[in-house]
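**Q** From the sequence below, what's the structure:
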Amino acid sequence: MLEFDRFFIEYNITNLNITRELILNWKATRLNDNPRNLYHKYVAWVHFCRYMCSVGIDCYVPHTPKEGRQNDYIPYIYTHEEIKLLFSNADKLRIERHRNDTPMFILPAFLRLLYSTGIRIGEALNITNQDVYFEERIIEINDTKNDRKRIVAINDSLYKVLVEYQKFKESIPVKGMCDASKNFFVTQKGKPCLANNIHAWFRRLLEYSDIPKQSYFNRPRVHDIRHTAAVHALEKLVKSGEDIYCALPTISVFLGHKNIKSTEAYVRLTNEMFPDLIEKGSITSFVFPDMRYNKYE
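**A** Sure, this is the predicted structure:
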């Protein structure tokens, strides 16, 4: 909205009626916007113009462009070696100066949880103490992106890490830290961890681990651990003899997707990371055609 306001001021536009020509003139000024950003700005125009119409000011409601609707971001898929290195270096993290309100000590358990379960960072930060069932070895995920409550399993290696983290948390003399309704992942003061702080520590962890070792236009993120978990799980299923498309429903449930269409992108990622999995003559070989035979005019 600030950008729109500056546009009106710069071009001395005082007419409240927003026209199609006005929006096209604005678009002509957005030379450096990529299609994705431009799409979101068009969405803002749609909502704003509809609001103006609702208060009695006749305005043109634009159509959102087709280009930019889909996010073309290519996630960084960590190798198995890089995942091990991240876990190892997370265990070695130390506070450089005295701070008693840091989420650093949760990282070893937090990163292993993301990789083992494939849950989103927001879902992990919203887990409460009453959501973790150590005896049953499950975690209830209640606050989800798609409002689809689900249960994730705690495997043996993750169980050991979470128990160790829980014991350390119980040793911190902060009243109410382990109350049922309190967040499972907290700072040393017992306050909920913020996503921004997790991202900051993770960037530092990437530097310590020298990941990636080569230049990469899509820099690795915490969220890419979720993509990596899905790709590695799909790889494991295919190597065990499962057909790649028969394995998709399993991965879809694992990720908590609404439908299997959201999961299909991981087939492409799996093929890029592990091309040997898709052999010629297999039932799914047609999914990845040999581009040498595609002729473009």
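
**Q** all contacts plus neighbour counts: C-alpha atoms, from now on.
**A** Fine.

**Q** What segments of this protein are helices?
**A** For the chain, the helices defined by DSSP state H cover 2-10, 20-28, 35-54, 80-91, 107-117, 121-125, 156-170, 195-209, 224-239, 248-255, 265-273.

**Q** Same list, those, but as a markdown table with mean neighbour count, mean pLDDT and distance to Asn146 please.
**A** As requested, those are exported to a markdown table (neighbours: other Cα atoms under 10 Å; pLDDT from 0 to 100; distance: least, Cα to Cα, whole Å):
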| stretch | mean neighbour count | mean pLDDT | distance to Asn146 |
| --- | --- | --- | --- |
| helix 2-10 | 11 | 91 | 30 |
| helix 20-28 | 13 | 93 | 33 |
| helix 35-54 | 17 | 91 | 20 |
| helix 80-91 | 16 | 94 | 27 |
| helix 107-117 | 22 | 95 | 17 |
| helix 121-125 | 18 | 94 | 11 |
| helix 156-170 | 15 | 94 | 25 |
| helix 195-209 | 16 | 91 | 19 |
| helix 224-239 | 21 | 89 | 16 |
| helix 248-255 | 19 | 86 | 11 |
| helix 265-273 | 17 | 70 | 18 |
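
**Q** TSV for those, including distance to Lys66?
**A** Listed next are the helices of the chain as TSV, based on distance: least, Cα to Cα, whole Å:
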stretch	distance to Lys66
helix 2-10	21
helix 20-28	15
helix 35-54	8
helix 80-91	37
helix 107-117	33
helix 121-125	29
helix 156-170	43
helix 195-209	31
helix 224-239	25
helix 248-255	26
helix 265-273	19
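
**Q** Which one of the ones you listed lies nearest to Phe184?
**A** Nearest of those to Phe184, taken as Cα to Cα: helix 121-125 at 7.6 Å.

**Q** Looking at the helices of the chain, spot the one closest to Asn183.
**A** Nearest to Asn183, of the helices of the chain and by Cα to Cα, is helix 121-125 at 7.3 Å.

**Q** For Ile141, find the nearest of the helices of the chain.
**A** helix 121-125 (6.7 Å).

**Q** Give me the packing partners of that closest one, helices and strands only.
**A** With contacts taken as 3 or more Cα pairs under 8 Å, 6 or more residues apart in numbering; DSSP states H and E, helix 121-125 sits against helix 107-117, helix 195-209.

**Q** 7 Å instead, please
**A** The contact analysis (3 or more Cα pairs under 7 Å, 6 or more residues apart in numbering; DSSP states H and E) places helix 121-125 against no helix or strand.

**Q** Kindly format the C-alpha coordinates of that helix as PDB.
**A** The C-alpha trace of helix 121-125 is given here as PDB (Å, rounded to 0.1, in the frame of the first residue of the first chain):
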ATOM      1  CA  ILE A 121       9.000 -24.900  11.400                       C
ATOM      2  CA  GLY A 122       5.900 -23.000  12.600                       C
ATOM      3  CA  GLU A 123       4.200 -26.300  13.500                       C
ATOM      4  CA  ALA A 124       7.200 -27.400  15.500                       C
ATOM      5  CA  LEU A 125       7.400 -24.100  17.400                       C
END
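
**Q** outside of that helix, which residues touch it?
**A** Outside helix 121-125, the residues within contact range by Cα atoms under 7 Å, 6 or more residues apart in numbering are Ile141, Asp143, Thr144, Phe185, Cys193, His223.

**Q** Stretch 105-113 now?
**A** Stretch 105-113 has contacts (Cα under 7 Å, 6+ apart) with Phe87, Ala90, Asp91, Leu158, Val161, Leu162, Tyr165, Phe185.

**Q** what sits against the first one?
**A** Under the criterion of Cα under 7 Å, 6+ apart, the contact list for Phe87 reads Pro108.

**Q** State the distance from it to Ile74.
**A** Distance, Phe87 to Ile74, by Cα to Cα, to the nearest Å: 23 Å.
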